[in-house]
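[1] here is my input; please provide its structure:
(one chain, ligands or ions: 1)
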Amino acid sequence: MIKSLEQLELAKNLLELEELRVAIFGKKGLLTLEFLKLKDIKAEEKKAFAQSLNEKKKELTTAYEQKKLALEKLALEQELKSQNLDVSRFSFSRKTGAFHPTIETMNTIIRYFQNLNFSVEDGPLIENDFNNFEALNLPKHHPARDMQDTFYTKDFNLLRTHTSPVQIRTMLKEKAPIRMIAPGAVFRRDFDLTHTPMFHQIEGLVVDKEDNVSFANLKHILGEFLQEIFGDVDIRFRPSFFPFTEPSAEVDISCVFCKGKGCRVCSQTGWLEVLGCGVVDQNVFKALGYENVSGYAFGMGVERFAMLLHNIGDLRSLFESDLRLLGQFR
Ligand code: DAH
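    Presented below is the predicted three-dimensional model:
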């Protein structure tokens, strides 16, 4: 028994301790065998024997439990040491890629209109004069062609100056009712603080029976859209001119930076122009052979939206691929 006590104290690890536990306390263990002797002992010695056995059992149990705690602590320490993991160390976070702010903004706008059941249409970057101008009520030598300074190709095609020709392509391909948007790159001979030779637009077009489409519908859908994108802004429709719409309007939102008080970004006006729109001019339908229909259309510059949403001061920085800027949009 005394040996057992020593053995318990000498156990080097939990495995050894467990073997000892079985050898001492187990079904055929030393202690159990001692207790079995009780039945063969004379009655007058029984009490003393049992008492001393119980004391030994207590002593052994205490020794066992203390040793177990000590060895468990040791095992944990060893495990922690061997894992070699310093959770307090500085870590370099892994860099992940992200969409360019222009593309991210474009995707947000596309998703908005897709949820309203608009289809997403596509067209080529090199267009013909008919789709880009003529069919949009911009005949040759019309002064409004000067609104968009155009890159021409040698074969008298051109780089599309807006996404409006996708309206024409879609109307030629399909019949009313039409509900579409057309996102994509457009090109103009322009380069300064607020203009780049290539930028992105999203065009929208809805065509249906005459009674189904009105300026009121247009006003409603664009109002909801702008409030979803820019939050709680005021919206105003300003009369304007586009050859392919009549009446036409430009849409302003209250300045997202100064909340309409007047600042550098809104040139002290309190308003920011974000969209062109209108009721489709009947001349457009006539050029394509559409009859008894009405429609509304709108167009917006994606970079302009991205700049306003992310407080980007210079349009050109969206074209410079500077990772110090782009990294902020991860
Ligand atoms: N195409 C016009 C532009 O590039 C934008 C625009 C204005 C599109 C009014 C439209 C519209 O569909 O109705 O300046």
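[2] okay, CA-based contacts and neighbour counts for the rest of this
    Will do.
[3] checking the residue of the stretch 51-200 of the chain found nearest the ligand next. Helix, strand or coil?
    Distances between the stretch 51-200 of the chain and the ligand by CA to the nearest ligand atom are smallest at His162, namely 4.5 Å. Secondary structure, DSSP: H, G, I helix; E, B strand; the rest coil: His162 is coil.
[4] how about the secondary structure of the nearest residue to it once chain neighbours are set aside?
    Nearest non-adjacent residue to His162, counting by CA to CA, 6 or more residues apart in numbering: Val186, 5.3 Å away. Assigned with three-state DSSP, Val186 falls in the strand class.
[5] distance of Val186 relative to Val302?
    Look at Val186 and Val302: by CA to CA, to the nearest Å, they are 11 Å apart.
[6] for those two, list the residues in contact with both.
    Residues touching both Val186 and Val302 by CA atoms under 8 Å, 6 or more residues apart in numbering: 199-201.
[7] same for the ligand: which of those residues are within range?
    Among those, no residue lies close to the ligand (CA under 6 Å from any ligand atom).
[8] just the ones of these in strands?
    Secondary structure from DSSP state E places 199-201 of the shared contacts of Val186 and Val302 in strands.
[9] on that earlier part again, the residue of the stretch 51-200 of the chain closest to the ligand contacts Phe187, correct?
    Yes: between His162 and Phe187 there is a contact at 7.3 Å, judged by CA atoms under 8 Å.
[10] got any ranges where the stretch 151-300 of the chain has weak pLDDT?
    Judged against pLDDT under 70, the stretch 151-300 of the chain has no low-scoring part.
[11] now do the strands in it.
    For the stretch 151-300 of the chain, the strands defined by DSSP state E, counting those that start in this stretch occupy 158-159, 178-187, 198-209, 235-242, 245-254, 271-280, 293-301.
[12] now render the ones you listed as TSV, adding mean neighbour count.
    Shown next, in TSV, are the strands of the stretch 151-300 of the chain (neighbours: other CA atoms under 10 Å):
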stretch	mean neighbour count
strand 158-159	20
strand 178-187	22
strand 198-209	21
strand 235-242	16
strand 245-254	21
strand 271-280	23
strand 293-301	23
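[13] is it fair to say Lys47 lies in a strand?
    No: counting by three-state DSSP, Lys47 is not part of a strand but helix.
[14] what is the burial count for it?
    13 (other CA atoms under 10 Å).
[15] please report how far it lies from Thr108.
    Using CA to CA, one gets 88 Å for the distance from Lys47 to Thr108.
[16] equivalent analysis for Thr153, please.
    Thr153 is 33 Å from Thr108, where distance means CA to CA.
[17] how about Val280?
    Distance, Val280 to Thr108, using CA to CA: 25 Å.
[18] please read off the pLDDT at Ile2 from the model.
    Ile2 carries a pLDDT value of 69.
[19] make residue 1 into 205 and carry on from there
    With 205 as the first residue, the last one maps to Ile206.
[20] which ones are touching Pro328?
    Pro328 makes contact with no residue, according to CA under 8 Å, 6+ apart.
[21] and what about it, helix, strand or coil?
    On the three-state scheme (three-state DSSP), Pro328 is labelled coil.
[22] which residues of this structure lie near the ligand?
    366, 368, 407, 446, 449, 480-482, 501-503.
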